[in-house]
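J.: Give me coordinates for this.
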Amino acid sequence: MTRVKRGIATKKRHKRLLKETKGYWGQRKNVFKRAQETHLRALAFAYKSRKLIKRDMRSLFITRINAACGGFDLSYNAFIHGLQQASILLNRKMLSQIAIADPTTFAQLVTLARG
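T.: I've put the predicted structure just below:
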């Protein structure tokens, strides 16, 4: 059986990883073993953060809606419950956008929620 030399494939794999770790600090950017450890950890954090940003954004939307409801002397809780009773199915992102961009429409939603 003929001998297989794997240097080209290994070098290509190493170069690809080191290119992705560009900008890391110290050995984390130029020593393959350290770079690989750091890169795996970075990917794990990136995955987790993609999930957490959804939670953070929903919290922001709720805060905005609550602030907008405060001007109408209505709590967020009562507003959402009133919308559900009125069969108005808007998600919190859309409600917060309406509260910011179109206060007159939001005022109509509040009157519908009060009911």
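J.: My read is that residue 62 contacts residue 92, right?
T.: Yes: under the criterion of C-beta atoms under 8 Å, residue 62 lies in contact with residue 92, with a separation of 6.0 Å. Using the backbone N, CA and C atoms, a C-beta is placed for each residue, glycine as well.
J.: and the spatially most central residue of the chain, how far is that from residue 44?
T.: Among the residues of the chain, the one closest to the centroid is residue 53, at 2.7 Å (C-alpha atoms, centre = their mean). Here the criterion is C-beta to C-beta, to the nearest Å. By it, residue 53 lies 15 Å from residue 44.
J.: Kindly report the same for residue 25.
T.: In this structure, residue 25 and residue 44 are 18 Å apart, going by C-beta to C-beta.
J.: Which one's more surrounded, these two?
T.: Residue environment comparison for residue 25 versus residue 44 gives the larger neighbour count to residue 44, 10 against 7, counting by other C-beta atoms under 10 Å.
J.: Name the helix or strand for the more buried one, please.
T.: Secondary structure assignment for residue 44, by DSSP states H and E: helix 32-70.
J.: helix or strand right after that helix?
T.: Where DSSP H and E defines the elements, the next helix or strand beyond helix 32-70 is helix 76-85.
J.: Any buried residues in that following helix, and which?
T.: The neighbour-count check on helix 76-85 (16 or more other C-beta atoms under 10 Å) flags 76, 79-80, 82-83 as buried.
J.: Specify the angle between it and helix 32-70 in degrees.
T.: Computed by axes from the mean of the first three to the mean of the last three C-alpha atoms, to 10 degrees, the angle separating helix 76-85 from helix 32-70 equals 80 degrees.
J.: No further questions, thank you.
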